[in-house]
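Asks: The sequence and its predicted three-dimensional model are supplied below.
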Amino acid sequence: MASPTVQANYGYCDTFFVESYEDTDGIFARAAAERERARAIAKVQQRHMAADLSRLTSEVYLNDVLDHMEVMETMPDINSIEIQTEIQWFMRPYLLDFLLEAHHAFQLLPETLFLAVNLLDRYCSKRVVYKRHYQLVGCASLLIAAKYGDRKERVPTIKELKSMCCSLYDDDMFTQMEWHVLQTLNWIIGHPTVTGFLDIALSETAADAEVQNMATYISEMALYHKDFVPVLPSVMARSSLALSRYVLGRPQVHHPEWAARYDSNVVMDLSNQLSRPSQALFRKYSSAHLSNVATTLEQFLQRQNLMQQQQQQQTASQQPYPSPAQSTLDVQQVPGAMMTPQTPQKPVYAAVPIGVLTPPETPEKDFYDNSSYNVNQNLMHRLHACSSVTSAPSHPPYQYSSYPTSYPSQ
(Lines give C-alpha, C1' and ligand atoms only; values in the text may rest on other atoms or scores of the structure.)
Protein backbone atom coordinates (compact mmCIF):
# COMPACT_ATOMS: atom_id res chain seq x y z
CA MET A 1 0.00 0.00 0.00
CA ALA A 2 1.48 3.32 -1.00
CA SER A 3 1.52 6.16 1.54
CA PRO A 4 0.48 9.73 0.79
CA THR A 5 4.08 10.78 1.12
CA VAL A 6 5.17 8.40 -1.63
CA GLN A 7 2.36 9.63 -3.93
CA ALA A 8 3.26 13.23 -3.21
CA ASN A 9 6.92 12.60 -4.06
CA TYR A 10 6.39 10.56 -7.25
CA GLY A 11 3.10 12.01 -8.49
CA TYR A 12 -0.13 10.28 -9.44
CA CYS A 13 0.17 6.71 -10.75
CA ASP A 14 -2.60 5.70 -13.18
CA THR A 15 -2.63 1.99 -12.43
CA PHE A 16 -4.74 -0.55 -10.58
CA PHE A 17 -1.83 -1.68 -8.42
CA VAL A 18 -1.63 1.56 -6.44
CA GLU A 19 -4.31 2.37 -3.92
CA SER A 20 -5.73 5.84 -4.27
CA TYR A 21 -6.25 8.09 -1.29
CA GLU A 22 -8.63 10.95 -0.85
CA ASP A 23 -7.64 13.81 -3.13
CA THR A 24 -8.18 16.73 -0.81
CA ASP A 25 -6.74 19.38 -3.13
CA GLY A 26 -8.15 17.93 -6.39
CA ILE A 27 -4.71 17.62 -7.98
CA PHE A 28 -5.15 14.12 -9.30
CA ALA A 29 -8.66 14.80 -10.62
CA ARG A 30 -7.48 17.87 -12.50
CA ALA A 31 -4.58 15.91 -13.97
CA ALA A 32 -6.88 13.11 -15.13
CA ALA A 33 -9.30 15.61 -16.71
CA GLU A 34 -6.40 17.34 -18.46
CA ARG A 35 -5.22 14.05 -19.92
CA GLU A 36 -8.73 13.22 -21.22
CA ARG A 37 -8.98 16.66 -22.77
CA ALA A 38 -5.62 16.21 -24.51
CA ARG A 39 -6.72 12.84 -25.88
CA ALA A 40 -9.97 14.29 -27.22
CA ILE A 41 -8.07 17.14 -28.91
CA ALA A 42 -5.63 14.64 -30.46
CA LYS A 43 -8.52 12.54 -31.84
CA VAL A 44 -10.13 15.60 -33.41
CA GLN A 45 -6.83 16.62 -34.98
CA GLN A 46 -6.35 13.13 -36.37
CA ARG A 47 -9.84 13.17 -37.92
CA HIS A 48 -9.14 16.54 -39.55
CA MET A 49 -5.82 15.27 -40.89
CA ALA A 50 -7.48 12.14 -42.28
CA ALA A 51 -10.20 14.23 -43.95
CA ASP A 52 -7.60 16.52 -45.52
CA LEU A 53 -5.56 13.58 -46.81
CA SER A 54 -8.71 11.93 -48.16
CA ARG A 55 -9.72 15.12 -49.94
CA LEU A 56 -6.26 15.59 -51.45
CA THR A 57 -6.20 11.97 -52.58
CA SER A 58 -9.67 12.23 -54.13
CA GLU A 59 -8.65 15.36 -56.03
CA VAL A 60 -5.58 13.61 -57.42
CA TYR A 61 -7.42 10.45 -58.50
CA LEU A 62 -10.78 12.04 -59.34
CA ASN A 63 -10.35 11.88 -63.10
CA ASP A 64 -9.21 8.26 -62.93
CA VAL A 65 -12.20 7.38 -60.74
CA LEU A 66 -14.60 9.05 -63.15
CA ASP A 67 -13.07 7.30 -66.15
CA HIS A 68 -13.36 3.94 -64.41
CA MET A 69 -16.97 4.58 -63.38
CA GLU A 70 -17.93 5.53 -66.93
CA VAL A 71 -16.31 2.35 -68.25
CA MET A 72 -18.24 0.26 -65.71
CA GLU A 73 -21.62 1.61 -66.83
CA THR A 74 -23.58 -1.45 -67.96
CA MET A 75 -26.78 -0.52 -69.75
CA PRO A 76 -29.71 -2.66 -70.96
CA ASP A 77 -30.66 -3.07 -74.59
CA ILE A 78 -33.97 -1.31 -75.07
CA ASN A 79 -34.53 -2.93 -78.47
CA SER A 80 -34.57 -6.34 -76.80
CA ILE A 81 -37.10 -5.10 -74.24
CA GLU A 82 -39.27 -3.76 -77.05
CA ILE A 83 -39.79 -7.22 -78.54
CA GLN A 84 -41.18 -8.72 -75.34
CA THR A 85 -44.62 -10.16 -76.00
CA GLU A 86 -46.28 -10.07 -72.57
CA ILE A 87 -44.69 -7.26 -70.60
CA GLN A 88 -45.65 -3.86 -71.96
CA TRP A 89 -44.43 -0.38 -71.15
CA PHE A 90 -47.67 0.57 -69.42
CA MET A 91 -46.85 -2.05 -66.75
CA ARG A 92 -43.57 -0.36 -65.84
CA PRO A 93 -45.00 2.48 -63.67
CA TYR A 94 -46.98 0.02 -61.55
CA LEU A 95 -43.92 -2.14 -60.91
CA LEU A 96 -41.76 0.88 -60.13
CA ASP A 97 -44.36 2.16 -57.68
CA PHE A 98 -44.17 -1.19 -55.94
CA LEU A 99 -40.36 -1.13 -55.85
CA LEU A 100 -40.38 2.48 -54.67
CA GLU A 101 -42.66 1.73 -51.75
CA ALA A 102 -40.74 -1.43 -50.86
CA HIS A 103 -37.49 0.53 -51.00
CA HIS A 104 -39.00 3.17 -48.70
CA ALA A 105 -40.48 0.57 -46.33
CA PHE A 106 -37.13 -1.15 -45.81
CA GLN A 107 -35.28 2.22 -45.58
CA LEU A 108 -32.69 1.21 -48.13
CA LEU A 109 -30.01 3.48 -49.58
CA PRO A 110 -30.90 5.65 -52.60
CA GLU A 111 -28.43 3.88 -54.89
CA THR A 112 -30.13 0.54 -54.14
CA LEU A 113 -33.24 1.60 -56.06
CA PHE A 114 -31.29 2.68 -59.15
CA LEU A 115 -29.24 -0.52 -59.10
CA ALA A 116 -32.37 -2.66 -58.76
CA VAL A 117 -34.00 -0.99 -61.78
CA ASN A 118 -30.80 -1.46 -63.78
CA LEU A 119 -30.71 -5.18 -62.93
CA LEU A 120 -34.40 -5.46 -63.84
CA ASP A 121 -33.95 -3.83 -67.25
CA ARG A 122 -30.80 -5.81 -68.04
CA TYR A 123 -32.57 -9.06 -67.23
CA CYS A 124 -35.59 -8.13 -69.34
CA SER A 125 -33.28 -7.39 -72.26
CA LYS A 126 -31.82 -10.91 -72.09
CA ARG A 127 -34.74 -13.17 -71.13
CA VAL A 128 -38.34 -13.66 -72.14
CA VAL A 129 -40.41 -12.52 -69.16
CA TYR A 130 -44.06 -13.31 -68.58
CA LYS A 131 -46.24 -10.67 -66.97
CA ARG A 132 -47.08 -13.00 -64.09
CA HIS A 133 -43.33 -13.08 -63.30
CA TYR A 134 -42.65 -9.37 -63.83
CA GLN A 135 -43.14 -8.49 -60.16
CA LEU A 136 -41.07 -11.50 -59.13
CA VAL A 137 -38.13 -10.30 -61.25
CA GLY A 138 -38.45 -6.86 -59.66
CA CYS A 139 -38.35 -8.34 -56.15
CA ALA A 140 -35.31 -10.45 -57.01
CA SER A 141 -33.54 -7.41 -58.46
CA LEU A 142 -34.27 -5.37 -55.33
CA LEU A 143 -33.03 -8.21 -53.14
CA ILE A 144 -29.78 -8.53 -55.09
CA ALA A 145 -29.18 -4.78 -55.06
CA ALA A 146 -29.79 -4.60 -51.30
CA LYS A 147 -27.40 -7.47 -50.64
CA TYR A 148 -24.76 -5.88 -52.85
CA GLY A 149 -24.49 -2.39 -51.42
CA ASP A 150 -26.88 -1.81 -48.55
CA ARG A 151 -26.72 -2.37 -44.83
CA LYS A 152 -26.99 -5.95 -43.74
CA GLU A 153 -29.69 -5.36 -41.13
CA ARG A 154 -31.92 -3.64 -43.69
CA VAL A 155 -31.80 -6.29 -46.42
CA PRO A 156 -35.37 -7.57 -46.90
CA THR A 157 -36.08 -11.19 -46.21
CA ILE A 158 -37.96 -13.53 -48.52
CA LYS A 159 -40.79 -13.68 -46.00
CA GLU A 160 -41.18 -9.89 -46.10
CA LEU A 161 -41.08 -9.80 -49.90
CA LYS A 162 -43.65 -12.59 -50.04
CA SER A 163 -45.93 -10.61 -47.73
CA MET A 164 -45.59 -7.50 -49.90
CA CYS A 165 -46.55 -9.58 -52.95
CA CYS A 166 -49.69 -10.81 -51.13
CA SER A 167 -48.29 -14.38 -51.11
CA LEU A 168 -48.56 -14.56 -54.88
CA TYR A 169 -45.23 -16.43 -55.09
CA ASP A 170 -43.74 -19.22 -52.99
CA ASP A 171 -40.49 -18.93 -51.06
CA ASP A 172 -38.51 -21.09 -53.44
CA MET A 173 -39.64 -18.97 -56.38
CA PHE A 174 -37.85 -15.92 -54.94
CA THR A 175 -34.69 -17.95 -54.41
CA GLN A 176 -34.81 -19.49 -57.88
CA MET A 177 -35.47 -16.16 -59.56
CA GLU A 178 -32.63 -14.52 -57.64
CA TRP A 179 -30.23 -17.20 -58.82
CA HIS A 180 -31.52 -17.00 -62.38
CA VAL A 181 -31.07 -13.21 -62.53
CA LEU A 182 -27.47 -13.56 -61.34
CA GLN A 183 -26.78 -16.32 -63.84
CA THR A 184 -28.32 -14.32 -66.67
CA LEU A 185 -26.24 -11.24 -65.89
CA ASN A 186 -23.10 -13.38 -65.55
CA TRP A 187 -22.84 -12.24 -61.92
CA ILE A 188 -21.96 -8.70 -63.04
CA ILE A 189 -23.73 -6.57 -60.45
CA GLY A 190 -21.37 -3.63 -59.96
CA HIS A 191 -22.88 -0.69 -61.81
CA PRO A 192 -22.28 3.00 -60.96
CA THR A 193 -25.65 4.58 -60.30
CA VAL A 194 -26.94 8.11 -60.69
CA THR A 195 -26.42 8.83 -57.00
CA GLY A 196 -22.72 8.00 -57.26
CA PHE A 197 -22.21 10.49 -60.07
CA LEU A 198 -24.34 13.04 -58.24
CA ASP A 199 -22.09 12.81 -55.20
CA ILE A 200 -19.04 13.47 -57.37
CA ALA A 201 -20.72 16.36 -59.18
CA LEU A 202 -21.84 17.94 -55.93
CA SER A 203 -18.39 17.50 -54.40
CA GLU A 204 -16.94 19.61 -57.21
CA THR A 205 -19.50 22.38 -56.69
CA ALA A 206 -20.82 23.71 -53.41
CA ALA A 207 -24.48 22.67 -53.57
CA ASP A 208 -27.02 22.48 -50.79
CA ALA A 209 -29.25 19.56 -49.85
CA GLU A 210 -32.23 20.97 -51.72
CA VAL A 211 -30.39 20.81 -55.04
CA GLN A 212 -29.33 17.23 -54.37
CA ASN A 213 -32.87 16.14 -53.41
CA MET A 214 -34.33 17.85 -56.46
CA ALA A 215 -31.81 16.15 -58.76
CA THR A 216 -32.55 12.75 -57.19
CA TYR A 217 -36.29 13.39 -57.54
CA ILE A 218 -35.94 14.17 -61.24
CA SER A 219 -33.69 11.12 -61.76
CA GLU A 220 -36.18 8.79 -60.08
CA MET A 221 -38.95 10.35 -62.13
CA ALA A 222 -37.01 9.38 -65.26
CA LEU A 223 -37.04 5.71 -64.21
CA TYR A 224 -40.73 5.52 -65.09
CA HIS A 225 -40.27 6.37 -68.78
CA LYS A 226 -38.78 4.17 -71.44
CA ASP A 227 -37.09 7.10 -73.18
CA PHE A 228 -34.55 7.33 -70.36
CA VAL A 229 -33.75 3.61 -70.09
CA PRO A 230 -30.70 3.82 -72.43
CA VAL A 231 -29.43 7.10 -70.91
CA LEU A 232 -26.13 6.64 -69.06
CA PRO A 233 -26.18 7.38 -65.31
CA SER A 234 -23.36 9.92 -65.69
CA VAL A 235 -25.36 11.85 -68.29
CA MET A 236 -28.56 11.56 -66.25
CA ALA A 237 -26.83 12.83 -63.11
CA ARG A 238 -25.39 15.92 -64.77
CA SER A 239 -28.57 16.66 -66.73
CA SER A 240 -30.86 16.32 -63.73
CA LEU A 241 -28.48 18.45 -61.69
CA ALA A 242 -28.53 21.21 -64.31
CA LEU A 243 -32.34 21.09 -64.48
CA SER A 244 -32.68 21.16 -60.69
CA ARG A 245 -30.49 24.26 -60.52
CA TYR A 246 -32.72 25.94 -63.07
CA VAL A 247 -35.89 25.03 -61.18
CA LEU A 248 -34.50 26.26 -57.86
CA GLY A 249 -32.95 29.39 -59.35
CA ARG A 250 -29.38 28.40 -58.57
CA PRO A 251 -26.50 29.54 -60.82
CA GLN A 252 -25.16 27.01 -63.28
CA VAL A 253 -21.61 25.67 -63.16
CA HIS A 254 -18.95 26.87 -65.58
CA HIS A 255 -18.26 24.54 -68.47
CA PRO A 256 -14.64 23.57 -67.76
CA GLU A 257 -15.84 21.43 -64.85
CA TRP A 258 -17.03 17.85 -65.29
CA ALA A 259 -20.38 18.50 -63.65
CA ALA A 260 -21.31 21.11 -66.26
CA ARG A 261 -21.06 18.82 -69.30
CA TYR A 262 -24.72 17.87 -69.44
CA ASP A 263 -26.80 16.79 -72.42
CA SER A 264 -29.24 19.49 -73.54
CA ASN A 265 -31.50 16.93 -75.24
CA VAL A 266 -31.83 14.93 -72.03
CA VAL A 267 -32.56 18.12 -70.09
CA MET A 268 -35.31 19.00 -72.57
CA ASP A 269 -36.83 15.50 -72.35
CA LEU A 270 -36.72 15.64 -68.56
CA SER A 271 -38.45 19.01 -68.52
CA ASN A 272 -41.29 17.56 -70.57
CA GLN A 273 -41.90 14.87 -67.92
CA LEU A 274 -41.81 17.07 -64.82
CA SER A 275 -45.56 17.49 -64.63
CA ARG A 276 -46.30 13.75 -64.61
CA PRO A 277 -44.74 12.09 -61.56
CA SER A 278 -46.33 9.05 -60.02
CA GLN A 279 -48.42 9.34 -56.89
CA ALA A 280 -46.00 7.27 -54.79
CA LEU A 281 -43.02 9.33 -55.94
CA PHE A 282 -44.84 12.59 -55.26
CA ARG A 283 -45.67 11.48 -51.72
CA LYS A 284 -42.10 10.40 -51.08
CA TYR A 285 -40.54 13.73 -52.03
CA SER A 286 -43.22 15.81 -50.32
CA SER A 287 -41.67 15.02 -46.94
CA ALA A 288 -39.68 17.57 -44.95
CA HIS A 289 -36.47 15.52 -44.72
CA LEU A 290 -36.31 15.58 -48.54
CA SER A 291 -36.75 19.39 -48.63
CA ASN A 292 -40.34 19.18 -49.99
CA VAL A 293 -38.93 19.24 -53.51
CA ALA A 294 -42.10 17.75 -55.01
CA THR A 295 -44.15 20.68 -53.75
CA THR A 296 -41.46 23.13 -54.87
CA LEU A 297 -41.49 21.64 -58.36
CA GLU A 298 -45.27 21.77 -58.54
CA GLN A 299 -45.25 25.45 -57.60
CA PHE A 300 -42.57 26.11 -60.21
CA LEU A 301 -44.68 24.47 -62.93
CA GLN A 302 -47.74 26.48 -61.88
CA ARG A 303 -45.76 29.71 -62.19
CA GLN A 304 -44.46 28.67 -65.59
CA ASN A 305 -47.97 27.89 -66.85
CA LEU A 306 -49.26 31.20 -65.51
CA MET A 307 -46.49 33.10 -67.26
CA GLN A 308 -47.19 31.22 -70.48
CA GLN A 309 -50.89 32.03 -70.31
CA GLN A 310 -50.11 35.71 -69.75
CA GLN A 311 -47.80 35.75 -72.74
CA GLN A 312 -50.46 34.09 -74.88
CA GLN A 313 -53.03 36.65 -73.78
CA GLN A 314 -50.67 39.49 -74.65
CA THR A 315 -49.98 37.95 -78.04
CA ALA A 316 -53.69 37.45 -78.70
CA SER A 317 -54.42 41.07 -77.81
CA GLN A 318 -51.78 42.30 -80.25
CA GLN A 319 -53.05 40.02 -83.07
CA PRO A 320 -56.86 40.09 -83.26
CA TYR A 321 -56.92 37.70 -86.23
CA PRO A 322 -55.02 34.47 -85.60
CA SER A 323 -52.72 33.21 -88.27
CA PRO A 324 -53.06 29.68 -89.66
CA ALA A 325 -50.06 28.58 -87.63
CA GLN A 326 -51.74 29.81 -84.43
CA SER A 327 -55.10 28.25 -85.19
CA THR A 328 -53.85 24.78 -84.27
CA LEU A 329 -54.51 23.50 -80.77
CA ASP A 330 -51.77 24.10 -78.24
CA VAL A 331 -51.57 21.14 -75.90
CA GLN A 332 -50.18 22.13 -72.51
CA GLN A 333 -49.18 20.04 -69.57
CA VAL A 334 -51.50 20.63 -66.65
CA PRO A 335 -49.92 20.36 -63.18
CA GLY A 336 -53.21 19.15 -61.74
CA ALA A 337 -52.95 15.88 -63.70
CA MET A 338 -49.61 14.94 -62.21
CA MET A 339 -50.74 12.20 -59.87
CA THR A 340 -51.03 9.31 -62.34
CA PRO A 341 -47.98 7.46 -63.66
CA GLN A 342 -48.03 7.67 -67.42
CA THR A 343 -45.72 5.98 -69.88
CA PRO A 344 -46.29 5.68 -73.63
CA GLN A 345 -47.21 2.19 -74.69
CA LYS A 346 -45.16 0.35 -77.22
CA PRO A 347 -46.72 -1.46 -80.18
CA VAL A 348 -47.51 -5.13 -79.74
CA TYR A 349 -45.20 -7.32 -81.81
CA ALA A 350 -46.44 -10.57 -83.24
CA ALA A 351 -43.24 -12.48 -82.65
CA VAL A 352 -40.09 -12.55 -80.58
CA PRO A 353 -36.77 -14.23 -81.29
CA ILE A 354 -35.86 -17.46 -79.62
CA GLY A 355 -34.75 -16.95 -76.05
CA VAL A 356 -34.44 -18.75 -72.75
CA LEU A 357 -37.74 -18.81 -70.90
CA THR A 358 -38.13 -17.47 -67.41
CA PRO A 359 -38.38 -19.87 -64.46
CA PRO A 360 -40.02 -21.22 -62.43
CA GLU A 361 -42.82 -21.95 -64.91
CA THR A 362 -42.15 -22.58 -68.58
CA PRO A 363 -44.65 -23.47 -71.26
CA GLU A 364 -44.51 -26.58 -73.31
CA LYS A 365 -42.07 -27.06 -76.13
CA ASP A 366 -42.52 -25.54 -79.59
CA PHE A 367 -43.22 -22.15 -77.99
CA TYR A 368 -41.72 -20.42 -81.02
CA ASP A 369 -41.78 -21.38 -84.66
CA ASN A 370 -38.14 -21.44 -85.74
CA SER A 371 -38.92 -21.07 -89.42
CA SER A 372 -41.05 -17.93 -89.54
CA TYR A 373 -41.40 -16.77 -85.91
CA ASN A 374 -45.18 -17.02 -86.17
CA VAL A 375 -46.99 -17.69 -82.92
CA ASN A 376 -49.46 -20.54 -82.88
CA GLN A 377 -53.03 -19.37 -82.35
CA ASN A 378 -53.81 -22.27 -80.04
CA LEU A 379 -50.84 -21.40 -77.89
CA MET A 380 -51.90 -17.76 -77.71
CA HIS A 381 -55.34 -18.94 -76.63
CA ARG A 382 -53.77 -20.99 -73.84
CA LEU A 383 -51.60 -18.07 -72.75
CA HIS A 384 -54.67 -15.85 -72.43
CA ALA A 385 -56.31 -18.60 -70.43
CA CYS A 386 -53.27 -18.79 -68.14
CA SER A 387 -53.25 -15.03 -67.67
CA SER A 388 -56.74 -15.20 -66.24
CA VAL A 389 -55.45 -17.55 -63.55
CA THR A 390 -53.01 -14.95 -62.25
CA SER A 391 -55.75 -12.66 -60.99
CA ALA A 392 -55.65 -10.85 -57.68
CA PRO A 393 -55.38 -13.32 -54.78
CA SER A 394 -57.85 -13.51 -51.95
CA HIS A 395 -55.25 -12.28 -49.44
CA PRO A 396 -55.67 -8.71 -48.15
CA PRO A 397 -53.29 -6.28 -49.82
CA TYR A 398 -50.09 -5.35 -48.05
CA GLN A 399 -50.18 -1.98 -46.36
CA TYR A 400 -47.30 -0.60 -48.43
CA SER A 401 -48.23 -2.19 -51.74
CA SER A 402 -50.02 -0.43 -54.60
CA TYR A 403 -48.89 -2.84 -57.30
CA PRO A 404 -51.68 -4.79 -59.03
CA THR A 405 -51.23 -8.48 -59.46
CA SER A 406 -52.87 -8.52 -62.89
CA TYR A 407 -52.97 -6.13 -65.82
CA PRO A 408 -55.70 -5.41 -68.31
CA SER A 409 -55.17 -7.18 -71.58
CA GLN A 410 -54.45 -5.00 -74.58
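Replies: Received it, and whenever you're ready, just let me know what you need.
Asks: Can you list the low-confidence ranges for this protein?
Replies: 1-25, 58-59, 205-207, 254-256, 259-260, 319-410 (pLDDT under 70).
Asks: max-length helix in it?
Replies: Across the chain, the helix with the greatest residue count (assigned by DSSP state H) is helix 27-71.
Asks: Can you tell me the SS state at the residue lying closest to residue 131 once chain neighbours are set aside?
Replies: Nearest non-adjacent residue to residue 131, counting by Cβ to Cβ, 6 or more residues apart in numbering: residue 86, 4.4 Å away. Heads up, the C-betas are built off the backbone N, CA and C, glycines and all. Three-state call for residue 86 (DSSP: H, G, I helix; E, B strand; the rest coil): coil.
Asks: What are the phi and psi values at residue 86?
Replies: With angles defined as degrees, to the nearest 10, residue 86 sits at phi -100, psi -50.
Asks: What about residue 169, how many residues nearby?
Replies: 21 (other Cβ atoms under 10 Å).
Asks: Reduced to three states, what does it come out as?
Replies: Looking at residue 169 with three-state DSSP, the answer is coil.
Asks: Tell me how many other residues crowd residue 146.
Replies: Residue 146 has 23 nearby residues by other Cβ under 10 Å.
Asks: cool, and residue 311?
Replies: Residues near residue 311, counting by other Cβ under 10 Å: 10.
Asks: and it, what does it touch?
Replies: By Cβ atoms under 8 Å, 6 or more residues apart in numbering, the contact set of residue 311 is empty.
Asks: what's the spacing between it and residue 263?
Replies: From residue 311 across to residue 263, the span is 28 Å (Cβ to Cβ, to the nearest Å).
Asks: Surely residue 296 touches residue 248?
Replies: Yes: using Cβ atoms under 8 Å, residue 296 is in contact with residue 248, at 7.2 Å.
Asks: any residues in contact with both of those two?
Replies: In contact with both residue 296 and residue 248: 210, 214, using Cβ under 8 Å, 6+ apart.
Asks: Report the buried residues of stretch 149-165.
Replies: 149, 150, 155, 156, 158, 160, 161, 162, 163, 164, 165 (16 or more other Cβ atoms under 10 Å).
Asks: ok, so of those, who is nearest residue 175?
Replies: residue 158 (6.9 Å; Cβ to Cβ).
Asks: mind listing the helices in the stretch 101-250 of the chain by residue range?
Replies: 110-124, 134-149, 158-164, 171-184, 194-204, 209-222, 233-248 (DSSP state H, counting those that start in this stretch).
Asks: for those helices, which one sits closest to residue 273?
Replies: helix 209-222 (6.2 Å).
Asks: Just want the angle from that closest one to helix 233-248.
Replies: Orientation check (axes from the mean of the first three to the mean of the last three Cα atoms, to 10 degrees): helix 209-222 against helix 233-248 gives 120 degrees.
Asks: So what touches helix 209-222?
Replies: 100, 110, 113-114, 194-195, 198, 202, 228, 231, 236-237, 240-241, 243-245, 247-248, 250, 270, 273-274, 277-278, 281, 285, 290-291, 293-294, 296-297.
Asks: thought the residue nearest to residue 131 was touching residue 129?
Replies: Yes: with contacts counted by Cβ under 8 Å, residue 86 reaches residue 129, the gap being 7.0 Å.
Asks: between the two, who's got more neighbours?
Replies: residue 129 (22 against 18).
Asks: now the more buried one: how far from residue 120?
Replies: Residue 129 is 9 Å from residue 120, by Cβ to Cβ.
Asks: Identify the contacts common to these two.
Replies: Common neighbours of residue 129 and residue 120 (Cβ under 8 Å, 6+ apart) are residue 137.
Asks: From what I see, residue 177 and residue 142 are in contact.
Replies: No: applying Cβ under 8 Å, one finds residue 177 not in contact with residue 142, separated by 11.4 Å.
Asks: Have a look at the two and say which one is more surrounded.
Replies: residue 142 (28 against 24).
Asks: which residue sits closest to that one in space, ignoring its chain neighbours?
Replies: Residue 142 sits nearest to residue 116 (Cβ to Cβ, 6+ apart), 4.3 Å away.
Asks: what about that neighbour, how many residues close to it?
Replies: Neighbours around residue 116, by other Cβ under 10 Å: 27.
Asks: need the contact list for it.
Replies: Contacts for residue 116 were tallied using Cβ under 8 Å, 6+ apart; they are 99, 103, 138, 141, 142, 144, 145, 146.
Asks: In this structure the fifth one contacts residue 156, no?
Replies: Yes: at 7.2 Å, residue 142 counts as touching residue 156 under the criterion of Cβ under 8 Å.
Asks: Identify the contacts common to these two.
Replies: Joint contacts of residue 142 and residue 156 (Cβ under 8 Å, 6+ apart) are residue 102.
Asks: any idea which of the contacts of residue 116 is closest to residue 57?
Replies: Proximity of the contacts of residue 116 to residue 57 (Cβ to Cβ) peaks at residue 145, which lies at 28.2 Å.
Asks: isn't the closest one right up against residue 115?
Replies: Yes: using Cβ under 8 Å, residue 145 is in contact with residue 115, at 4.0 Å.
Asks: which neighbours do the two share?
Replies: In contact with both residue 145 and residue 115: residue 189, using Cβ under 8 Å, 6+ apart.
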